[in-house]
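*Asks:* what shape does this take:
(one chain, ligands or ions: 3)
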Amino acid sequence: MDKKNKTLGEFVIENQTSFQYSSGEFSRLINAIRLACKVVNHEVNKAGLVDILGAAGDTNIQGEDQQKLDVMANEIFIQTLKNREIVCGIASEEEDDFITINSHDELHQNKYVVLIDPLDGSSNIDVNVSVGTIFSIYRRVTPVGTPVKLEDFLQPGINQVAAGYIVYGTSTMLVYTTGHGVNGFTLNPAIGTFYLSHPDMQYPETGKIYSVNEGNYIHFHQGVKDYIKYCQLEEEDRPYTSRYIGSLVSDFHRNMIKGGIYLYPKSSMASNGKLRLLYECNPMAFIAEQANGKASDGFTRIMEIQPTELHERVPFFCGSPKMVEKAEEFMARQRDRENQ
Ligand code: AHG
Ligand code: MN
Ligand code: MN
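*Replies:* Ligands and ions are numbered 1, 2, ... in the order given. Here you go, the predicted model:
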């Protein structure tokens, strides 16, 4: 079959055996995520329209507030996963604590936990700019048949069995990995089907894009400042181009396709940066590494960090391998200077 005619459903079935814990459970999990993603996509697409209709119709006599889209996306993903009883626990950016899922017979037979950022880049919703969803899947470490515990969620990224993101952009794409490369599927909205549009995605070895919120420049570590100046220098293949959307998913997606580096470093205002290790950096790091890229906190591989809290933050350097290595060189050089 022409690769481009392959649907996500067909792809999942065909590749079930390459998933190391092949059991059909994972296929059902991906199916649930695909479904939730289509519902969220529908809500995201009509975000501006709902306001227009509300203002014109003036019919909401119940005084219902329009739910913020990130709360709505959170509920859609949680309900979809809960109803299908395919995971034993969920952790979300929007929930203070993790959620325990009781299976029908109350025996908690499911093996997987999911961590999600239901709506990433939410500051872009109101202005019709791409947003996303990020998910990360682990096998629980506590025994099946017992309620999940915090330790099931606080696993280093190297334990991930799958990770992915959805970008609600000019088209909607679902990109995921199970540790056998990265594949991207584009939604045909007319029929609600995802097609394999980007098989075996790979970062170019190097690129010409750097993505960082330069508004925070004066608060950055000197190593980051030096690297940014390096990106701007007129030398060899530089200056690079600066591109920053402010939605991690969208910035990452562009850089993976075109070649580039994404930086969210720590600063004097945010001692560990802004991005969350468990449901932003780890899944993106897994995808990056599976696509020939790299992800670190400037010094250490992201996926080897042992998490200690559900919502902990970590500096994030991610992208084309040569560019991440170069940024790490600047960080190490500065650290050596400080240690002298
Ligand atoms: P979220 O909307 O899930 O809270 O994530 C927002 C994150 C990320 O998507 C983006 O890259 C970053 O925040 C942007 O932060 P700044 O506005 O500080 O640049
Ligand atoms: Mn986010
Ligand atoms: Mn979010």
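*Asks:* tell me the helix or strand right after the helix or strand bottoming out on mean pLDDT in the chain.
*Replies:* When each helix and strand of the chain is scored by mean pLDDT, DSSP states H and E, helix 47-57 comes last, with a mean of 63. Going down the chain from helix 47-57, the next helix or strand is helix 69-83, by DSSP states H and E.
*Asks:* ok now that following helix, how far from the chain's centre?
*Replies:* Chain-centre distance of helix 69-83: 16 Å, with Cα atoms, centre = their mean, to the nearest Å.
*Asks:* ok, and for that helix, which residues are buried?
*Replies:* The neighbour-count check on helix 69-83 (16 or more other Cβ atoms under 10 Å) flags 69-70, 72-78, 80-81 as buried. (Glycine included, C-beta is placed from N, CA and C.)
*Asks:* between those residues, which is closest to residue 248?
*Replies:* Nearest to residue 248 among the buried residues of helix 69-83, counting by Cβ to Cβ, is residue 70 at 13.8 Å.
*Asks:* quick one: residues contacting the closest residue to the closest one other than its chain neighbours.
*Replies:* Leaving aside its sequence neighbours, residue 70 sits nearest to residue 119 (Cβ to Cβ, 6 or more residues apart in numbering; 3.9 Å). The neighbourhood of residue 119, defined by Cβ atoms under 8 Å, 6 or more residues apart in numbering, consists of 40, 69-70, 73-74, 125, 131-133.
*Asks:* could you redo the last one with a cut-off of 6 Å?
*Replies:* Residue 119 is in contact with 69-70, 73, 131, counting by Cβ atoms under 6 Å, 6 or more residues apart in numbering.
*Asks:* now these as a markdown table including distance to ligand 3 and pLDDT?
*Replies:* Shown next, in a markdown table, are the contacts of residue 119 (distance: Cβ to the ion, whole Å; pLDDT from 0 to 100):
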| residue | distance to ligand 3 | pLDDT |
| --- | --- | --- |
| 69 | 10 | 88 |
| 70 | 5 | 88 |
| 73 | 8 | 95 |
| 131 | 9 | 96 |
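*Asks:* can you classify residue 194 as helix, strand or coil?
*Replies:* Following DSSP: H, G, I helix; E, B strand; the rest coil, we place residue 194 in the strand state.
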